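Participant: Fold the stuff below for me.
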Amino acid sequence: MSVDIINRPNRGKSKESLTARRIVYYILGILEILLAFRLVFKILGANPNSGFVSFIYSLSQVFLVPFTAIFRSAATQGIETNAVLEPSTVIAMIVYALVAWGIVKLIIIFTRSQNKDQV
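Facilitator: Next up, the predicted model:
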């Protein structure tokens with residue numbers, strides 16, 4: 001049985017497939033980190049006039065546009081800051097993770113079909 005495993009063609013494990021999958025997950029990781037920063041900054045009531053916070057908000061806003069009208073944001077007034085819970089950010093993180101997972105699965109399917117055609 002171990003000989004059969006060794007002699008099998010690579011199923012979706014070609015070098016190009018592995019590189020493409022890593023690129024997709026790398027992009028997803030950057031996007032998730034960006035959205036996580038936004039979520040934490042909003043919840044903690046970070047100062048939007050701060051350079052870094054403003055940069056994160058403006059950069060991440062592009063990725064939140066499809067999800068902004070799904071739920072209303074919940075805001076609480078604190079002594080110094082306003083804490084905001086944006087459900088759209090959480091939904092965006094989930095949707096983008098599922099899309100990346102689907103793209104990786106498609107890459108695996110296409111490379112498997114190419115490997116079968118070559119055998």
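Participant: Could you pull out the buried residues of stretch 85-101?
Facilitator: Within stretch 85-101, the residues that count as buried by 16 or more other Cβ atoms under 10 Å are L85, E86, S88, T89, I91, A92, M93, Y96, A100. Placement of C-beta: from N, CA and C, glycine included.
Participant: Report the rounded mean pLDDT for that stretch.
Facilitator: When pLDDT is averaged over stretch 85-101, the result is 95.
Participant: Identify the residues contacting that stretch?
Facilitator: Under the contact criterion Cβ atoms under 8 Å, 6 or more residues apart in numbering, stretch 85-101 has outside partners 24-25, 27-28, 31-32, 35-36, 38-39, 42-43, 60, 63-64, 66-68, 70-71, 73-75.
Participant: Can I get that stretch as PDB, trimmed to CA atoms?
Facilitator: Extracted in PDB, the C-alpha atoms of stretch 85-101 (Å, rounded to 0.1, in the frame of the first residue of the first chain):
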ATOM      1  CA  LEU A  85     -19.200  47.800  17.200                       C
ATOM      2  CA  GLU A  86     -19.400  47.400  13.400                       C
ATOM      3  CA  PRO A  87     -21.000  44.100  12.500                       C
ATOM      4  CA  SER A  88     -20.100  44.800   8.900                       C
ATOM      5  CA  THR A  89     -16.400  44.300   9.800                       C
ATOM      6  CA  VAL A  90     -17.000  40.900  11.300                       C
ATOM      7  CA  ILE A  91     -19.200  39.800   8.400                       C
ATOM      8  CA  ALA A  92     -16.500  41.100   5.900                       C
ATOM      9  CA  MET A  93     -13.900  39.100   7.700                       C
ATOM     10  CA  ILE A  94     -16.000  35.900   7.500                       C
ATOM     11  CA  VAL A  95     -17.000  36.400   3.900                       C
ATOM     12  CA  TYR A  96     -13.400  37.200   2.700                       C
ATOM     13  CA  ALA A  97     -12.100  34.100   4.500                       C
ATOM     14  CA  LEU A  98     -14.800  31.900   2.800                       C
ATOM     15  CA  VAL A  99     -14.000  33.500  -0.600                       C
ATOM     16  CA  ALA A 100     -10.300  32.800  -0.200                       C
ATOM     17  CA  TRP A 101     -11.000  29.200   0.900                       C
END
